[in-house]
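> coordinates for the following, if possible.
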Amino acid sequence: MNYHPMPIDNSRIELGAGLVKLTELLARNNHELWAKRRMEEGWSLGPHRDDAKKQTPFLIPYEDLPEGEKHYDRDNAVETLKTILGLGYRIEPPERPQDF
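Numbers count the residues shown, from 1 in each chain. A predicted model of the protein is given here:
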């Protein structure tokens, strides 16, 4: 295998406290997107991951996920936000916060 992943180095970028809520919104949405795709592919809720049966125990609302699974989604959200900032973009809160 010749593939060697080389993501952008975000180790020096820190997210401000104002991005904590955005991180959680992105993490929740990431789970919703994943679950929607899985369901469209014929996956269903099962006691453990079974690729042959297309079952997973994580086709549940984000709030009900084990903390380890939430951490995975949060980590992806944090790295996405750091990449956006690292590429020179700015993230500003909306004038009127949205209720999700």
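
> just the helices in this structure please.
20-40, 67-86 (DSSP state H).

> now those helices as TSV including distance to residue 53, mean pLDDT and mean neighbour count?
Placement of C-beta: from N, CA and C, glycine included. Converted to TSV, the helices of the chain look like this (distance: least, CB to CB, whole Å; pLDDT from 0 to 100; neighbours: other CB atoms under 10 Å):
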stretch	distance to residue 53	mean pLDDT	mean neighbour count
helix 20-40	13	95	15
helix 67-86	20	95	16
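
> right, and these - which one's nearest residue 6?
helix 67-86 (12.9 Å; CB to CB).

> what's the closest one in contact with?
Applying CB atoms under 8 Å, 6 or more residues apart in numbering, the external contacts of helix 67-86 come out as 7-8, 10, 13, 15, 19, 22-24, 26-28, 30-31, 58, 62, 65, 91.

> and the nearest residue to residue 54 once chain neighbours are set aside, how far is that from residue 32?
Sequence neighbours aside, residue 43 is the residue nearest to residue 54 in space, at 4.4 Å (criterion: CB to CB, 6 or more residues apart in numbering). Distance of residue 43 to residue 32, given as CB to CB, to the nearest Å: 14 Å.

> neighbours of residue 15, how many?
16 (other CB atoms under 10 Å).

> and for the one 3 residues further on?
Residue 18 is flanked by 10 other residues according to other CB under 10 Å.

> now do the residue lying closest to residue 50 once chain neighbours are set aside against residue 26, distance only.
Leaving aside its sequence neighbours, residue 50 sits nearest to residue 56 (CB to CB, 6+ apart; 7.8 Å). With distances taken as CB to CB, residue 56 is found 21 Å from residue 26.
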